[in-house]
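S.K.: 3D, please:
(one chain, ligands or ions: 1)
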Amino acid sequence: MAQNDMSKDLEEIVKPLVREPLLSIRPYVPGRPIQDVMREFKLDHVIKMASNENPAGPSPKAIAAIQGMLQDLHRYPDGAAQDLRSAIASHVRLPETAVFVGNGSDEVIKMIAETFLQPGDELLVPFPSFSQYDFGAQIMGATVVPVPLRSAFEYDLDLMREHVTEKTKLVYLCSPNNPTGTSLSHRAAAHFIESLPEKVIVVCDEAYLEYVDTPDPLRSIDWIEAGKPVLSLRTFSKMYGLAGMRLGYAIGNPSLIRYLHQVREPFNVNAMAQAAAIAALGDEAHVMKSREMNRLGKEQLYRGFERLRISYIPTQGNFLLAEVGNGMLVFQELQKRGVIVRAGFPGIPEYIRVSIGTTEENEQFLKALAEVLGKSKELR
Ligand SMILES: Cc1ncc(COP(=O)(O)O)c(C=O)c1O
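M.R.: Now for the predicted structure:
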């Protein structure tokens, strides 16, 4: 029998072969899966409020659409995702050539980097914000320039404008911003976009767009229609409740979209995701139910934090930041009580981010948090 030498350490041979920019990338830390926490803490009931998923679940129409296509799984999906792009195009009232779909907007973010960035280029990102923007730039060897938000986590677009240089190729605006929940007004963003050199591409990540409830929300389509080099990123993972399916999309000028196809895998969006997303887009009732659930859950958490005298950042998304002292410690202690949240975001160690859940989940979270902080009597 051949000897199994798998245990041999090849690190010294392999590491010098790896592309230099990859060596300094820190892996993405996702919200912990429920099963992991159940196993580690020997719990039989754990709730996850860590990944900004939709607590109302997927649209029943999406479930039916997936069930209806299972017998065709031996077929490759439509690589061009024609029907899906057409459904999205009528949803956003733009031509199909303006729509690009990906295996989650995570994949689209990576493809934007692969298409446009190379060593020497600069990418401006808000800080703190979604770490995948940095990841995309890092794998391409481009330079990430973080631009701090103001003290209450509002955007400082004047500061962002000051950071634009000859080397700036992409600017990310995330609104509502993850993890802060703060959002940009259309007016402020429009002023900023007008001020940019023509060759700077602005990517508006609007993953939480459907939750926004402000008088002047971003209307990125206006800029796309006006011929600006703007991409808007959207996802089926949040309001549409299909995070497990992996489906996100970009809309933008067809000249931008055309080049994204250069780095696209032939079948990057699977057949179930395509069917589910078309059905979900047509399920307005589920969207309305989810939005209302989020609105009520938000009020419940706000009231809970106020009773516990914990300061929080008012949110335009389906998650919010709460200031708890030592975020990582509170995160650990909450896990022991069967509640998974997120903590340890760069630059804001004193916060935890909690995704808004069902009434019962929000209650369980508040109870556990009160216990961890020694404030249980405040909730009585
Ligand atoms: C701002 C933002 N953009 C993109 C994503 C990724 O979404 P998707 O599931 O479509 O990859 C997330 C997920 O949390 C997010 O918060």
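
S.K.: Can you get me a residue count around residue 227?
M.R.: Neighbours of residue 227 under the rule other C-beta atoms under 10 Å: 9. The C-beta positions use only the backbone N, C-alpha and C, and glycine is treated the same way.

S.K.: now the one 10 residues further on
M.R.: A count of nearby residues for residue 237, using other C-beta under 10 Å, gives 22.

S.K.: of all of the stretch 101-250 of the chain, which residue lies closest to the ligand?
M.R.: Relative to the ligand, the nearest point of the stretch 101-250 of the chain is residue 104 (2.8 Å; C-beta to the nearest ligand atom).

S.K.: Dihedrals phi and psi, that residue?
M.R.: Phi and psi for residue 104, reported as degrees, to the nearest 10, are phi 90, psi 150.

S.K.: residues in contact with it?
M.R.: In this structure, residue 104 makes contact with 235, 237, 246, 247, 248, judged by C-beta atoms under 8 Å, 6 or more residues apart in numbering.

S.K.: and the first one, how many residues sit next to it?
M.R.: Using other C-beta under 10 Å as the criterion, residue 235 is surrounded by 25 other residues.

S.K.: quick one: secondary structure of residue 353?
M.R.: Per DSSP: H, G, I helix; E, B strand; the rest coil, the local secondary structure of residue 353 is strand.

S.K.: From what I see, it and residue 321 are in contact.
M.R.: Yes: Residue 353 lies in contact with residue 321 (C-beta atoms under 8 Å); the separation is 5.4 Å.

S.K.: Quick one: residues contacting residue 22.
M.R.: Counted by C-beta under 8 Å, 6+ apart, residue 22 has contacts 138, 139.

S.K.: right, and residue 243 touches residue 53 too?
M.R.: Yes: if you go by C-beta under 8 Å, residue 243 and residue 53 touch, sitting 5.1 Å apart.

S.K.: thinking again about what came up before, any common contacting residues for residue 353 and residue 321?
M.R.: Between them, residue 353 and residue 321 share the contacting residues residue 179, judged by C-beta under 8 Å, 6+ apart.

S.K.: Wasn't residue 325 part of a helix?
M.R.: No: assignment of residue 325 by three-state DSSP gives coil, placing it outside any helix.

S.K.: Can you tell me the closest non-neighbouring residue to it?
M.R.: Counting by C-beta to C-beta, 6 or more residues apart in numbering, residue 350 is the residue found nearest to residue 325 once chain neighbours are left out, at 6.0 Å.

S.K.: Give me the pLDDT value at the one you found.
M.R.: Looking at residue 350, its pLDDT is 97.

S.K.: Could you do residue 2 as well?
M.R.: 63.

S.K.: same thing with residue 379?
M.R.: The score at residue 379 is 79. That number is its pLDDT.

S.K.: got it, and residue 73?
M.R.: Per-residue pLDDT puts residue 73 at 96.

S.K.: is it true that it touches residue 271?
M.R.: Yes: with contact defined as C-beta under 8 Å, residue 73 counts as touching residue 271 (6.9 Å).

S.K.: which one of these two has more residues nearby?
M.R.: Under the neighbour definition other C-beta under 10 Å, residue 73 and residue 271 were set side by side, and residue 271 has more, 18 against 11.

S.K.: circling back to that earlier point, so how far is residue 178 from the residue of the stretch 101-250 of the chain closest to the ligand?
M.R.: Distance, residue 104 to residue 178, using C-beta to C-beta, to the nearest Å: 14 Å.
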